[in-house]
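Visitor: task: produce atomic coordinates for the following.
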Amino acid sequence: MPFMEFVNFYLMPGIVLGSIYALGAVGITLVFGILRFAHLAHGDLATLGAFAALGVVTIFGVSPWVALPVAMVVCAFMAIGIDKLFYDYLSERPKIIVVMSSLGIALMLRAVVQVVWGVDTETYTRGIVRPDDYWGIRIRDREIYTIIAMFVIVGVLWAFLQKTKWGKAMRAMSDNPDLALLSGVDNRKITMLTWGIVGILCAASGFFLGINTELKPLMGWTMLLPMFAAAILGGVGRVEGAVIGGLIVGIAEETSVLFIPGEYKAAMAFAILLLILLVRPTGLLKGKVL
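Guide: Purely as a prediction, here's the structure:
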């Protein structure tokens, strides 16, 4: 196979898909690193963000890119509201109870999407968008924007965690919530801030999956395993690890069709997850959380 054909048909789609997974995986690693539980409603929250953007596009007739910030705000408040209504009063219960409740939240969010927008496949825009040629690499503008947006969003988040007062408080809470509380950190405000950021990341991942493919009520559920695989592969609690893990899982899925039938490529995330749990449970990057 010619090298450029491999790049155009397998590597670049893998990087785009991996960028989407990375955004979701960063949210998962934040929830686990700070709140200490696996959030099974993560994918369906991303679906809600994608369809919220569709609602803005449909009602106001604006560009999907204009609708993205609105969807981020909607998802951020939705995530905070879910925590207040459902997760907060379970905070003293065993974490497995919270995990199982998040599965119920996932089903609830999916039902909301299906009731409001129906079960049919939707798109942000109509028509065929042909790729442009950049030095032999054929890629669409929206795919370029997806990759750039992922690095910008994650870069801003990393700088926020490392340089700001609130970011350092989030890191302190991830290290030791009790000690952070004794040091003057308001754990409730940090929890709200965490959920707000997670909602923004969910909206971004759902939107970019929708704009590069199609919008379906089950799109977030199908993303859940690859996103968890990416977070675990990179090292749970490591933002940069989630990005690396997302890119690896995305590229692995797209290139796997060279060796296995295309309908089985989703199993690559499961295979990677099993492999990393057997060989290196701490992930590729290990060290201080966040």
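
Visitor: how about A38, nearest residue that isn't a chain neighbour?
Guide: Spatial nearest neighbour of A38, excluding adjacent residues (Cβ to Cβ, 6 or more residues apart in numbering): V99 at 5.4 Å. For every residue, glycine as well, the C-beta is placed using N, CA and C.

Visitor: neighbouring strands for the helix-or-strand element of the chain with minimal mean pLDDT, and are they parallel or not?
Guide: Least confident element among the helices and strands of the chain, by mean pLDDT, DSSP states H and E: strand 132-134 (a mean of 79). In the sheet, strand 132-134 lines up against strand 137-139 (antiparallel) (DSSP bridges).

Visitor: so for the helix or strand following the partner strand, what gets flagged as buried?
Guide: Later in the chain than strand 137-139, the nearest helix or strand by DSSP states H and E is helix 141-163. Within helix 141-163, the residues scored as buried using 16 or more other Cβ atoms under 10 Å are 142-143, 145-147, 149-150, 153-154, 157-158, 161.

Visitor: elements contacting helix 141-163?
Guide: Using 3 or more Cβ pairs under 8 Å, 6 or more residues apart in numbering; DSSP states H and E as the contact test, the elements touching helix 141-163 are helix 12-30, helix 165-175, helix 187-212, helix 239-255.

Visitor: right, and these - which one's nearest Y89?
Guide: helix 187-212 (12.8 Å; Cβ to Cβ).

Visitor: quick one: the closest one to helix 12-30, angle?
Guide: Computed with axes from the mean of the first three to the mean of the last three Cα atoms, to 10 degrees, the direction of helix 187-212 lies at 160 degrees from that of helix 12-30.

Visitor: if you count neighbours, what's buried in stretch 254-264?
Guide: By neighbour count on 16+ other Cβ under 10 Å, the buried set for stretch 254-264 is 254-256.

Visitor: could you do stretch 67-84 as well?
Guide: 67-68, 70-72, 74-76, 78-80, 82-83.

Visitor: now do stretch 6-24
Guide: 7-24.

Visitor: now that stretch - C-alpha only, PDB.
Guide: This file holds the C-alpha atoms of stretch 6-24, laid out as PDB (Å, rounded to 0.1, in the frame of the first residue of the first chain):
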ATOM      1  CA  PHE A   6      -2.300   4.900   4.400                       C
ATOM      2  CA  VAL A   7      -2.000   8.400   5.700                       C
ATOM      3  CA  ASN A   8      -5.200   9.600   4.000                       C
ATOM      4  CA  PHE A   9      -7.500   6.700   4.600                       C
ATOM      5  CA  TYR A  10      -6.300   5.300   7.900                       C
ATOM      6  CA  LEU A  11      -3.900   7.600   9.900                       C
ATOM      7  CA  MET A  12      -5.600  10.900   9.500                       C
ATOM      8  CA  PRO A  13      -9.100   9.500  10.300                       C
ATOM      9  CA  GLY A  14      -7.500   7.800  13.300                       C
ATOM     10  CA  ILE A  15      -6.000  11.100  14.500                       C
ATOM     11  CA  VAL A  16      -9.400  12.800  14.100                       C
ATOM     12  CA  LEU A  17     -11.300  10.100  15.900                       C
ATOM     13  CA  GLY A  18      -8.500   9.900  18.600                       C
ATOM     14  CA  SER A  19      -8.900  13.700  19.200                       C
ATOM     15  CA  ILE A  20     -12.600  13.200  19.900                       C
ATOM     16  CA  TYR A  21     -11.900  10.300  22.200                       C
ATOM     17  CA  ALA A  22      -9.200  12.400  23.900                       C
ATOM     18  CA  LEU A  23     -11.700  15.100  24.800                       C
ATOM     19  CA  GLY A  24     -14.000  12.600  26.400                       C
END
